[in-house]
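Colleague: turn this into a structure:
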Amino acid sequence: MADDTDLDALSAQARTDMARVRPVLDKIADKWTILILTVLCPRPARFNAIKRRLDGVTHKSLADALKRLERNGLVTRTVLPTTPIG
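Modeller: Numbering: from 1, shown residues only. Sure, this is the predicted structure:
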C-alpha cells in the first residue's frame, strides 16, 4: 500500500497536470465544439456543410462556436473567391 508521501506527490502531480489541461478543456468543452472539430479535422468544410452534418445546431450557435475556435487558434477561416450564379 502507498504511504502518505506517495499520495501527496501524486496529488501534487495531478494538480499540476490539471492546471495545464484545464485551459484546453475550457476552450473546447461546450455542447457543439467537439462535434464541430470532428467534422473539420478530416478536411476543411464550408459553413453550410458543417451545419448540415450537425443535426440541431442553430446558425447562431455554429457561428459563435466557429468564431470562438478561430479566436483560440484551433481553426482558421479561409474566404474563397466565388462568382454569383447568374
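
Colleague: hey, let's count contacts and neighbours off CA atoms from now on
Modeller: Will do.

Colleague: what's the longest helix in the protein?
Modeller: Counting by DSSP state H, the longest helix found in the chain is helix 4-28.

Colleague: now do the buried residues in that helix.
Modeller: By neighbour count on 16 or more other C-alpha atoms under 10 Å, the buried set for helix 4-28 is 27-28.

Colleague: which residues are contacting that helix?
Modeller: The set of residues external to helix 4-28 that reach it, using C-alpha atoms under 8 Å, 6 or more residues apart in numbering, is 34, 69, 72.

Colleague: quickly find the element holding the first one.
Modeller: Taking DSSP states H and E as the criterion, Ile34 maps to helix 33-40.

Colleague: okay, Asp3: pLDDT?
Modeller: Note for Asp3: predicted pLDDT of 61.

Colleague: ditto for Trp32
Modeller: 91.

Colleague: now it: how far from Ile50?
Modeller: As judged by C-alpha to C-alpha, to the nearest Å, Trp32 and Ile50 stand 11 Å apart.

Colleague: and those two? Which one has more around it.
Modeller: Between Trp32 and Ile50, counting by other C-alpha atoms under 10 Å, Ile50 is the more crowded of the two (19 against 16).

Colleague: and the more buried one, its phi and psi?
Modeller: Note on Ile50: backbone dihedrals following degrees, to the nearest 10 are phi -60, psi -50.

Colleague: sec struct for Phe30, please.
Modeller: Wrong residue type there; residue 30 is Asp, not Phe. Following DSSP: H, G, I helix; E, B strand; the rest coil, Asp30 is assigned to coil.

Colleague: that one: neighbour count?
Modeller: The local packing of Asp30 (other C-alpha under 10 Å) involves 11 other residues.

Colleague: for the chain, which spans come out with low pLDDT?
Modeller: Scanning the chain with the threshold set as pLDDT under 70 gives 1-7, 9-10, 86.

Colleague: give me the most central residue, it.
Modeller: Here the mean C-alpha position of the chain is nearest to the C-alpha of Ile28 (C-alpha atoms, centre = their mean), at a distance of 3.5 Å.
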